[in-house]
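Q: from the sequence below, what's the structure:
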Amino acid sequence: MPAAKKATPNEALYDKLIATIPQIERKGDANPYTSLNGNMFTLLHQSKLAIRLPEDEREKFLKKYKTNLFEAYGTVMKEYVAVPDELLPKTKELKKYLELSYSYAKTLKAKPTKKTK
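A: Predicted coordinates for the structure are as follows:
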């Protein structure tokens, strides 16, 4: 049995943030993320955190933290903000945005899962 992969510092901070809301389950080993009803609402990609926010909160976040929409594999993820590295250790401050993201995910239309047996 291979040894467990050691979490990166940002992965540990991501896990700490997710743990602030017990109803949220972290998924994905190589690419950690959270989802609800088939809709992803946070992800950690190459040690960078992205949080999905409703439009009004997204605009406020982008201005307040002077950041951009999240980009992965050359594609801009329109509803996701890129969380600045210096904000990731600030769990208390980030929790507000995780709560907003989780609430927003609850309003999205459920997507069927793609798991096959």
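Q: going forward, measure contacts between C-alpha atoms and count neighbours the same way
A: Will do.
Q: ranges for the helices of this structure?
A: Under the criterion DSSP state H, the chain contains helices at 9-18, 55-64, 91-107.
Q: please name whichever of those helices is nearest to M40.
A: M40 sits nearest to helix 91-107 of all the helices of the chain, at 7.7 Å, using CA to CA.
Q: nearest to G38, of the helices of the chain?
A: Taking CA to CA, helix 91-107 is the member of the helices of the chain nearest to G38, at 9.4 Å.
Q: how about the spatially most central residue of the chain: what's its closest non-neighbour residue?
A: Centroid-nearest residue in the chain, with CA atoms, centre = their mean: T42, separated by 1.8 Å. Nearest residue to T42 in three dimensions, chain neighbours excluded: I51, at 4.5 Å (CA to CA, 6 or more residues apart in numbering).
Q: and the pLDDT for that neighbour?
A: Looking at I51, its pLDDT stands at 99.
Q: look at it and say how many residues are nearby.
A: For I51, the number of neighbouring residues by other CA atoms under 10 Å comes to 25.
Q: so the residue nearest to the centre of the chain sits right up against L36, yeah?
A: No - contact criterion CA atoms under 8 Å: T42 and L36 do not qualify, at 10.2 Å.
Q: returning to what we had before: save the helices of the chain as TSV, and put in mean neighbour count and distance to D29 too.
A: Shown next, in TSV, are those (neighbours: other CA atoms under 10 Å; distance: least, CA to CA, whole Å):
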stretch	mean neighbour count	distance to D29
helix 9-18	17	10
helix 55-64	13	27
helix 91-107	16	20
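Q: ok, the residue nearest to T42 - contacts?
A: Listed by CA atoms under 8 Å, 6 or more residues apart in numbering, the contact set of I51 reads F41, T42, L43, Y80, V81, A82, V83, Y97, L98, S101.
Q: any stretches of this structure with poor pLDDT?
A: 1-5, 113-117 (pLDDT under 70).
Q: make it 90
A: Scanning the chain for pLDDT under 90 picks out the ranges 1-8, 29-30, 111-117.
Q: thinking again about what came up before, mind listing which of the contacts of I51 are in strands?
A: Among those, DSSP state E puts F41, T42, L43, Y80, V81, A82 in strands.
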